[in-house]
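1. I'll drop the sequence and a predicted model, then ask my questions.
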Amino acid sequence: MNGFDSASSYGFYEGSLRKLIHLYKYAGIHTLAKPLAGYLLAALPRQERIHLIVPVPMHWRRKWSRGFNQSELLAREVSRRTGVPVASALRRAKTTPPQAGLSDHERRGNVTGAFRSTRKLEGRHVLLVDDVMTTGATVSACGAALKRSGAARVTVLTLARTDRRGFPSGLDALAKSNFAGGW
């Protein structure tokens, strides 16, 4: 089952955007959620009607250790600005090692069976929010769990993306300067 139907990101995971995400995620600067959510809104597909916003969940131990789920704070801020409700419709069913440093194949295996839906989503269009999409393994696993629960469509929205596949070659320079758009 394909995990998601479309994905949009504000920019590439490099330069100033990467630094901001690191400050937010690893230095615990929660106040960055508001301006970073503005970047998400710039990349939000406007042509689609979203019924529900779902953040990518963290395992409770990692959330306890970090003190917050960065995706959840971003999703709540996007919800506040759009009026679309947020739901904790996913839970992490198993602890997995961090994805950083793993190959594409290892990332997919790492998150297989890691997520479970916590509610029925019959016919809903879900906006799945995360901070960074690298290979898409995590959001694909989350999207598959949402679809098994009845979601009709899953759109992924992230601040940054590392993979340049899918960009026409002429857009690469534009994308490096925080291209806001989907692919």
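-> On my side now, so go ahead.
2. I'd guessed residue 127 sits against residue 56; true?
-> No. Using CB atoms under 8 Å, residue 127 is not in contact with residue 56; the gap is 11.4 Å. For glycine as for every other residue, the C-beta is placed from the backbone atoms N, C-alpha and C.
3. State the distance from residue 8 to residue 120.
-> 26 Å (CB to CB, to the nearest Å).
4. just residue 24 next, same as before
-> The value you get for residue 24 to residue 120, if CB to CB is used, is 32 Å.
5. More neighbours: which of those two?
-> residue 24 (22 against 11; other CB atoms under 10 Å).
6. Next up, the contacts around the closest residue to that one other than its chain neighbours.
-> Nearest residue to residue 24, sequence neighbours excluded (CB to CB, 6 or more residues apart in numbering): residue 32, at 4.0 Å. Taking CB atoms under 8 Å, 6 or more residues apart in numbering, we find residue 32 in contact with 20, 23, 24.
7. Now do the same for the closest residue to the second one other than its chain neighbours: its pLDDT.
-> Read that as residue 23. Take residue 23 and drop its neighbours on the chain: the residue closest to it by CB to CB, 6+ apart is residue 29, 4.9 Å away. Residue 29 is assigned 89 on the pLDDT scale.
8. Check whether residue 29 really touches residue 19, as I assumed.
-> No. Counting by CB under 8 Å, residue 29 sits too far from residue 19 to count as a contact (11.2 Å).
9. Tell me the spacing between the spatially most central residue of the chain and residue 123.
-> What sits nearest the mean C-alpha location of the chain, by CA atoms, centre = their mean, is residue 130, with 2.1 Å. Per CB to CB, residue 130 is found 23 Å from residue 123.
10. do residue 58 as well
-> 28 Å.
11. and if you look at residue 160?
-> 31 Å.
12. Counting neighbours around each, name which of these two comes out higher.
-> residue 160 (24 against 10).
13. got a list of what the more buried one touches?
-> 9, 10, 11, 12, 13, 14, 17, 18, 21, 131, 132, 133.
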